[in-house]
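Asks: Here is a sequence together with a model predicted from it:
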Amino acid sequence: MFQRFLRPLCLVFAVTMILTSPTIILAQAKKPKPSPIPRGRPLTKEQYASVKRVKPAMRQKALQVASRIDDLLKVNYDYHNVKPNPKLNDAQFLRRVYLEITGTIPRLDQARQFLDSSVPSKREDLIDRLLSSPGNVSHTFNYWANILRLKDRPQGNQIAEPYLAWIKQSLAENQPYDRWVHEMLASQGKIWDSPATGYLLRDDGMQLSGLDNTVRVFLGTQIGCAQCHDHPFDSWTQREFYELAALTFSTRTRQNRQTKGYANGNPVQRVQKELKEKFPEKKPNGTFNRLLRANLYYVNETKANLRYPDDYAYDNAKAKQVVVPGVPFGKQPKLTAKTSKSKAFADWLTSRDNPRFTVAITNRLWKRVFGRGLIEPIDDIRNDSKPSHPELLDLLVSEMNRLNYNRKEFLRILYYTDAYQRQASTQNLDLDTDYMFPGPLLHRMSAEQAWDAILTLAVYYPESFQRPSVKQLSRIANLDLATVTAEEVTKRAEEFDEQVGKKAMARFRKSSSYKGMLLVRASEQPLPAPVGHFLREFGQGDRELISGSNDDATVPQILTMWNGPITHMMLEKGSVTYDNLLRAKSAREQVDVIFLSILSRYPDSGERAIAFKEMRKGNAGYGDVIWALINTREFLFVQ
Amino acid sequence: MRDLLLNADESSRRNFMTTAAKSLLGVSFLPASLSLINSAAAAEGQPKATAKRVIFLFMTGGMSQLDTFDPKPGSEVQGDTEVISTTVPGIQISEHFPKVAKLMKGLALVRSLTTETGAHEQGQYLMRTAYRPLGSIRHPSLAAWTSHVLPSMNPTLPSSVVIGNGNKHPLGGFLKSQDAPVPISSAKTGLKNTKPPKYLSDNQFQRRLTLSSQFDRQFRRQYQNTEVQAYTQLYREAAKLLKSRDLKAFDISLEPEKVKESFGNNPLGQGCLLARRLVQQGVRFVEVEFGGWDHHRDVFTTLPNKAANLDQALEALLRDLVSKGLFHETLVVVASEFGRTPKINDNTGRDHHPGAFTCLLAGGGIQGGQVYGSTDEIASAPAENGASPADLSATIAQALGLPLEQKYFSPSGRPFTVANKGFPITELFS
């Protein structure tokens, strides 16, 4: 009865009819047009090789630790009378690890390969392979972008590209976490030579707020209240805040009269004046001014001293007095006239002796995997915070130390656990009740996961679209402010627009867009995506608040899924899903293709019957089935 | 101290807040226990509603009180911002609001708002919900309470809408997702994707929805948590909305060019215009978020642009509401999450200062031409009539006729009230 679907020629016609709008069909009737969906290129070997792989030799030990974690959890299951969730089947496992390690769903071929494999170690093999993939870099970048408030233009004239590229690169190289943080806190110089300075530039001109953010992100501790008064609920005093701030306060983020850039006076005024005198016909354009000003950002340590505020109200120090630097816990740094205060601060913060540093990252990564920290909230850890599983936390902290802050190896252990490979829990949890981790928590895809998953359904090689080279950008944008001439800046500004700026971005856009949407992975989109973009509708934050994203359901999201061009893209010729459907040899296989592509699983017999029935109905069925599956909750949630 | 507070009447409590804020200062910090006070004023019964709708203009980032509505002419903390007189003798505001100054007779200022929360996220949350953020629960925004409690004035449109980026907005909190305000990211584009692709007939669309629900049955049965159910509920809401004849309320392009210009071609101006269209069609609560007030640096050169946007948008909105006959039943509020330091910092900016900040109210029963509360000589702390964000929420809630004493229970069984036992500032109403 499905005979007519078996005839390939007929099928091509049928699918075309069904999947595309009448206008597109008309266009195709005149002359075959190339697909409007950009295809991209497979990544090169070098691109794959640039991502650090997890070590095969470390698997055995990782499995052992994973099983100790399971043992510790089991003690609590028994004690609290909690039944662990059933184990994930292969299809559920496949989808979850793809989404959570690479940020997107598996392609059809990837899904088939895994589901059809009978290799006993296929789960560990897949975890290892995904952790070693470029997709992991993209997804992990999104994760940190949300926490570190990464933006293309944190301030009017800043160019943050080198910093963003550095973050991606350090994730690809799997830089140890403690060194990574240290580099962000202690780097000095211009962003072109020293891209990690982008971290401090993010809070340019706001030393005290910046410190508050740093302590919250890397020590999981909130000290902001103590900027104005003793912390009402924690043990922080205002004096401690000021002592700590005295370590970071002398680090400044701009050129000033004491730095090299001002050797010949205010460089911006000097060059603008020179331009006016020598080339009266030329007006400084946006890029000209922007490049000049972008070079004013310069992280450097000054002799500035922090003083207690005018209205300091406690007896333990005097208002307006110079603050003696110090730390509230851990080892006091020894400061001499020659010590760099920012380095002393970074040393202290990232030290193994700092009791909060390792706990904070361990707890954060545990939450990343299981949906909930052992201490909650993860960024408001206090002296009296009680972890739900103290022994487990101890084990994890000692593992983080043993692994020398190797994040991939650490996560690998968590992904290996039985607890992770169980079905998701759906309890509506109050954060003040302890969670026993019978499995990870069910959650909606992040905005980035939803976007990247849809790309996977339509675009062949979305990861191949990369932003213009940052090396080139840094070379062009880096000016020596003390000596640069107006002529040179003019030349650089032209080069900038052409090779990495406006014009380059326009070419980038043209080569990788569909109906005005840039079809590149979320990590390569403008940061943050513009207001109204799919990513923003699905909860990507504006990158002004730490972890500002959300996964709330809203009406505009639903309208986007129903009617937005993005969900209709995979119904077009040249989309991955469309092409795979054409290649299917039977109606049965077509249904498999649709289910495997969208939900990463085979349909059950009931679903198969519904799909057949739909596809038999005057052919519009294919598009209907695809649309219907993308609009399920099963698609949008990570189970 | 707590016992004393428990028995305190409203005015002595306010005095206490004022003194507390002052005595701990520059510490601008109120004891947390204040929010726990149970008041005797409650028994008086529910006063009559004075407003049917609210437009809440939220200036996020922390709007400087000194450079907007609580200037201190002659003080060194005033910096470069000059002061102008308004149409009400004795009330002066910053030079950046010449249009607002002319409307002062219809406006009320509360200059004595004060909180202890100097962080954006927490401060915004407090302003929107009247509660401090807690890890264990998410409180509904006042917009959501409005949807939840009051009967809808237009069953095909949402009862509340939030215009702006909606970053970390508490939206519906623990209430059902159909009570959550609908977020509109940009007033210019309004509600997008309301039209299906041309090839898709209404019938086919319905068929697709049915199909989707069939495929999803098993998943929904297995995972019955609020997040999954929220989508299921909103699918119904969205379907209803698409059929609404009033969908065009979301489309500001239908307004004459002249009107669009009069509001100002910026997110606030266009947001105010959209807000007016929406309340006109029966949306009860519209928040317009307008960020960028975090002037840590160069406040005297960068704030004037923002202020000009606000001056223009607010004037246009109020005049428009008057001309449409909506002014008297629409409460318009301008607020921010905190103020800024009197002290001008090394970068010619002002830092966060929760100790004192100002809000502006108009329409919806507000007695114009008055200032409620005042600050000390440098606008650092309330000098009289200190008021908390919960008090402001209670004021708005009371204007709408929301019950302030009624207990509502979260799904986990915990009791909450609209405006968290704040005290409405009754002096503001005529």
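Replies: Done, it's in.
Asks: low-scoring pLDDT stretches of chain A, where are they?
Replies: A:1-32, A:428-432, A:618-619 (pLDDT under 70).
Asks: Now do the strands in it.
Replies: A:251-254, A:297-301, A:443-444, A:513-514, A:517-518, A:637-638 (DSSP state E).
Asks: Using CSV, list the CA coordinates for the second one.
Replies: Backbone C-alpha positions of strand A:297-301 (Å, rounded to 0.1, in the frame of the first residue of the first chain) are rendered in CSV as follows:
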residue,chain,number,x,y,z
TYR,A,297,42.3,50.1,26.6
TYR,A,298,45.4,48.9,28.3
VAL,A,299,45.6,46.9,31.5
ASN,A,300,48.4,48.2,33.7
GLU,A,301,49.2,48.4,37.3
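Asks: Okay, buried residues for it please.
Replies: A:297, A:298, A:299, A:300 (16 or more other C-beta atoms under 10 Å in any protein chain shown). (Glycine included, C-beta is placed from N, CA and C.)
Asks: The first one is in contact with residue A:253, isn't it?
Replies: Yes: with contact defined as C-beta atoms under 8 Å, residue A:297 and residue A:253 form a contacting pair (6.1 Å).
Asks: Which neighbours do the two have in common?
Replies: A:197, A:201, A:204 (C-beta atoms under 8 Å, 6 or more residues apart in numbering or on different chains).
Asks: which one of those residues sits closest to chain B?
Replies: Nearest to chain B among the shared contacts of residue A:297 and residue A:253 is residue A:204, at 8.1 Å by C-beta to the nearest C-beta.
Asks: For residue A:583, see how far away the closest one is.
Replies: 53 Å (C-beta to C-beta, to the nearest Å).
Asks: Who has more neighbours out of those two?
Replies: Between residue A:204 and residue A:583, residue A:204 has the larger neighbour count (other C-beta atoms under 10 Å in any protein chain shown), namely 20 against 11.
Asks: quick one: contacts for that one?
Replies: Per C-beta under 8 Å, 6+ apart, neighbours of residue A:204: A:154, A:155, A:158, A:253, A:254, A:297.
Asks: isn't the fifth one right up against residue A:297?
Replies: Yes: using C-beta under 8 Å, residue A:254 makes contact with residue A:297 at a distance of 6.1 Å.
Asks: What ranges does the stretch 201-350 of chain B have for its helices?
Replies: With helices called from DSSP state H, counting those that start in this stretch, the stretch 201-350 of chain B shows them at B:202-215, B:217-222, B:226-243, B:257-263, B:267-280, B:299-323.
Asks: Point out the most buried one among those.
Replies: helix B:267-280 (a mean of 26; mean count of other C-beta atoms under 10 Å in any protein chain shown).
Asks: Only alpha carbons, please: show that one as PDB.
Replies: Below are the C-alpha coordinates for helix B:267-280, written out as PDB (Å, rounded to 0.1, in the frame of the first residue of the first chain):
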ATOM      1  CA  PRO B 267      13.400  51.600  22.300                       C
ATOM      2  CA  LEU B 268      11.800  53.500  25.200                       C
ATOM      3  CA  GLY B 269       9.700  55.800  22.900                       C
ATOM      4  CA  GLN B 270       8.500  53.000  20.700                       C
ATOM      5  CA  GLY B 271       8.000  50.800  23.800                       C
ATOM      6  CA  CYS B 272       5.700  53.500  25.300                       C
ATOM      7  CA  LEU B 273       3.800  53.700  22.100                       C
ATOM      8  CA  LEU B 274       3.300  49.900  22.100                       C
ATOM      9  CA  ALA B 275       2.300  50.000  25.700                       C
ATOM     10  CA  ARG B 276      -0.400  52.600  25.000                       C
ATOM     11  CA  ARG B 277      -1.700  50.500  22.100                       C
ATOM     12  CA  LEU B 278      -1.900  47.500  24.400                       C
ATOM     13  CA  VAL B 279      -3.600  49.100  27.400                       C
ATOM     14  CA  GLN B 280      -6.000  50.600  25.000                       C
END
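Asks: now residue A:627: how far from residue A:568?
Replies: 8 Å.
Asks: do residue B:322 as well
Replies: 45 Å.
Asks: The residue nearest to residue A:275 when sequence neighbours are not counted: neighbour count?
Replies: Computed as C-beta to C-beta, 6 or more residues apart in numbering or on different chains, the closest residue to residue A:275 that is not its neighbour in sequence is residue A:486, at 3.8 Å. Using other C-beta under 10 Å, residue A:486 has 21 other residues around it.
Asks: doesn't residue A:278 make contact with residue A:486?
Replies: Yes: contact criterion C-beta under 8 Å: residue A:486 and residue A:278 qualify, at 6.1 Å.
Asks: Of the buried residues of strand A:297-301, which is the nearest to residue B:278?
Replies: residue A:297 (41.9 Å; C-beta to C-beta).
Asks: Tell me who's in contact with the nearest residue to residue A:626 once chain neighbours are set aside.
Replies: Closest residue to residue A:626 apart from its sequence neighbours, by C-beta to C-beta, 6+ apart: residue A:594 at 5.9 Å. Residue A:594 makes contact with A:577, A:581, A:611, A:622, A:625, A:626, A:629, according to C-beta under 8 Å, 6+ apart.
Asks: again, only using 10 Å
Replies: Counting by C-beta atoms under 10 Å, 6 or more residues apart in numbering or on different chains, residue A:594 makes contact with A:108, A:577, A:580-581, A:584, A:603, A:611, A:615, A:622, A:625-626, A:628-629.
Asks: Could you give the bridge partners of the spatially closest residue to residue A:551 that is not a sequence neighbour?
Replies: Excluding the flanking residues, the one nearest residue A:551 by C-beta to C-beta, 6+ apart is residue A:444, at 4.2 Å. Judged by DSSP bridges, the bridge partners of residue A:444 are residue A:637.
Asks: Residue A:444 against residue A:453, yeah?
Replies: No: Residue A:444 lies out of contact with residue A:453 (C-beta atoms under 10 Å); the separation is 11.7 Å.
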